[in-house]
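>>> could you work out the structure for the sequence below:
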Amino acid sequence: MAHKPISIVNLSFELPHKVCFSGFNTQILPGDRIAIIGRNGTGKSSLVKMLLGEMDGTSGSIKGLEGVNIGYVPQTVLEHDNLSGGERFNKSFSEALACNPDVLILDEPTNHLDQNVKHSLLRKLDNYNGTLIIVSHDLDVLTHSVDKLWHIKDGKITVFSGNYDDYMSEQGIQLEARQHTLNELKKQKKQIKIEKQKEQQRLDKKRTIKDNNKMAFDGKADKNQLKSGAKIARLREQLEDVQNSMSKNRLPENLQPNFVLDSAYVSLSSTLVSVSLGACGYAIGSPVVSNIYFAMDAKDKVAINGSNGSGKTTFVRALMQMPGIVYDGDWQLPKRSDIGYVDQHYANLDLNSTVFQTIKDLDVFVTDQDIRKHLNSFLFRKNEEVFAKVGVLSGGEKARLSLAKIAAKPPKLLILDEISNNIDLDTKTYILNVLRQYPGAFVLISHEKAFINSLPLTAQYMIRNGVFMNQK
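Here you go, the predicted model:
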């Protein structure tokens with residue numbers, strides 16, 4: 001049975017250091033297929049929690065949720081920890097569908113999925129007849145699985161009917177129109193300035209003539225000058241309005257990382273990792289990954305990809321010498337203290353600390369001013385951003401803070417485990433920018449080919465059917 005309309009009334013959500021959105025009014029009708037889009041930190045996941053009844057907005061309300069059967073799969077599936085990220089999602093998604101939900105809510109469902117599993121999900125979504133609400137940055141989802149967008153941007157939510165292609169087309173038309181208006185205003189301003197200069201030249205010429213009509217002319221010229229000045233002032237205001245509107249559609253500002261390296265790090269030139277005829281798993285005689293031939297020097301950049309459940313996480317745990325791993329073959333690894341690890345959940349951050357204290361605790365910088373300068377290069381500039389608790393940061397902000405930690409004290413080996421998950425396109429650009437400049441060695445675990453191919457790698461490997469292989 002279809003649910004009754006769900007009304008969102010004047011809903012607002014604010015955090016201590018920013019306003020996410022305010023004054024949102026809309027209805028969710030039976031059969032709607034809605035995508036919630038926007039940069040990390042705009043409040044998308046918080047809006048989902050409000051729809052689930054798990055939290056309230058700063059003001060406003062959501063009416064009509066009583067009696068609605070909601071199926072939900074969160075961004076980070078914590079259950080079934082013996083499975084890979086993709087396998088966890090598939091199991092949780094199947095459990096949500098088994099409840100025959102009136103409304104199905106998915107928060108970034110494709111983040112952990114390889115291409116085959118993602119295409120399977122898209123087919124299942126096509127066959128789902130209930131109301132769909134999905135948070136996503138995935139262009140395939142936004143193009144094929146929804147027909148309405150809620151875009152959270154600049155402190156408000158805009159509702160658009162159509163898919164992402166329609167939306168971007170409309171945005172392009174609007175941007176082109178604003179550019180045309182801007183060009184026309186600039187032309188008008190230039191023309192008025194020319195006319196004003198001509199009027200001033202005529203005035204200067206007439207002032208050299210001593211006759212009885214001089215006073216009458218001066219009055220007329222002054223009036224013409226006043227009119228020209230008023231026109232330019234109005235045009236200046238119009239230009240500023242259009243330029244401000246266009247600035248919101250510009251590319252994100254680049255991070256400018258300053259890597260703090262000690263002499264021991266710089267001088268390191270020997271082999272960092274070496275594995276020969278290796279295998280690893282969780283039980284003797286039952287390897288998850290085998291046939292491992294793998295070597296890295298101090299400045300190598302390596303990517304490892306593979307489908308869900310292929311053994312990527314097991315290999316990472318082996319590199320980090322985590323408890324419970326069973327090894328076979330010859331493994332030469334750096335000390336655990338020389339390895340830095342950043343995953344998609346940013347477990348390297350203390351949620352109870354502040355942004356400032358996170359960098360201060362590294363004991364790298366001498367003065368508070370040096371810390372502020374370092375954070376500034378990772379776009380933490382305002383006091384409310386610098387002294388915000390890590391726990392209230394968005395995924396994108398946590399990614400930037402993790403990168404700031406890496407830049408302040410780079411490890412001998414950096415391991416990045418599916419770090420491109422859970423982030424918007426702007427944050428992905430930030431991460432790529434930092435990794436392109438990173439001076440040390442890193443291992444990137446990812447199934448996202450476009451992300452991998454955007455980096456200056458020295459080698460690529462794949463794990464397929466439990467076998468570790470070099471991709472030439």
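>>> where does the stretch 301-450 of the chain dip in pLDDT?
Across the stretch 301-450 of the chain, nothing is flagged by pLDDT under 70.
>>> quick one: the strands in it?
In the stretch 301-450 of the chain, the strands defined using DSSP state E, counting those that start in this stretch lie at 301-305, 326-332, 339-343, 413-417, 441-445.
>>> quick one: buried residues of the longest one?
Put plainly, it is strand 326-332. Within strand 326-332, the residues that count as buried by 16 or more other C-beta atoms under 10 Å are Tyr327, Trp331. (C-beta placed from N, C-alpha, C; glycine too.)
>>> between the strands of the stretch 301-450 of the chain, which one is closest to Ser45.
Across those, Ser45 has its closest neighbour in strand 339-343 (17.8 Å, C-beta to C-beta).
>>> now the residue nearest the centre of the chain: how far from Lys44?
Central residue of the chain (C-alpha atoms, centre = their mean): Asp424, 2.5 Å from the mean position. Computed as C-beta to C-beta, to the nearest Å, the Asp424 to Lys44 distance reads 9 Å.
>>> the domain parsing of this protein - what is it?
Following automatic domain parsing, the chain resolves into domains at 6-154, 172-247, 263-471.
>>> show me what the nearest residue to Gln471 once chain neighbours are set aside is bridged to.
The shortest distance from Gln471 to any non-neighbouring residue, by C-beta to C-beta, 6 or more residues apart in numbering, is to Gln460 (4.3 Å). In this structure, Gln460 bridges to Ala303, Gln471 when assessed by DSSP bridges.
>>> quick check, Gln460 in contact with Asp300.
No - using C-beta atoms under 8 Å, Gln460 makes no contact with Asp300, being 11.4 Å away.
>>> for the helix or strand encompassing Leu121, packing partners?
Applying DSSP states H and E as the criterion places Leu121 in helix 115-127. Packing partners of helix 115-127 (3 or more C-beta pairs under 8 Å, 6 or more residues apart in numbering; DSSP states H and E): helix 85-98, helix 139-144.
>>> one more time with 10 Å
Applying 3 or more C-beta pairs under 10 Å, 6 or more residues apart in numbering; DSSP states H and E, we find helix 115-127 packed against helix 85-98, strand 103-107, helix 139-144.
>>> could you check the angle the helix or strand following it makes with helix 115-127?
Using DSSP H and E, the helix or strand that directly follows helix 115-127 along the chain is strand 131-135. Counting by axes from the mean of the first three to the mean of the last three C-alpha atoms, to 10 degrees, strand 131-135 lies at 150 degrees to helix 115-127.
>>> now the angle from strand 131-135 to strand 103-107?
10 degrees.
>>> can you lay out the domains of the chain as TSV showing distance to Gly162?
Formatted as TSV, the domains of the chain follow (distance: least, C-beta to C-beta, whole Å):
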stretch	distance to Gly162
domain 6-154	7
domain 172-247	13
domain 263-471	20
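>>> for Asn163, find the nearest of the ones you listed.
With C-beta to C-beta, the closest approach to Asn163 among these belongs to domain 6-154: 5.4 Å.
>>> the closest one - what's its average pLDDT?
Mean pLDDT, domain 6-154: 89.
>>> what about it, distance to the chain center?
17 Å (C-alpha atoms, centre = their mean, to the nearest Å).
>>> residues touching the spatially closest residue to Leu125 that is not a sequence neighbour, list them.
Nearest-residue entry for Leu125: Ser145, 4.6 Å, with adjacent residues in sequence omitted and distances by C-beta to C-beta, 6+ apart. By C-beta atoms under 10 Å, 6 or more residues apart in numbering, the contact set of Ser145 is 33, 35, 106, 109, 121-126, 128, 132, 134, 136, 138, 163-164.
>>> what subset of those residues is buried?
Applying 16+ other C-beta under 10 Å to the contacts of Ser145, the neighbour count classes 33, 35, 106, 109, 121-122, 125, 132, 134, 136, 138, 163-164 as buried.
>>> just to revisit the earlier point, surely the residue nearest to the centre of the chain is in contact with Ile431?
No - the criterion here is C-beta atoms under 10 Å, and Asp424 misses it with Ile431 at 11.0 Å.
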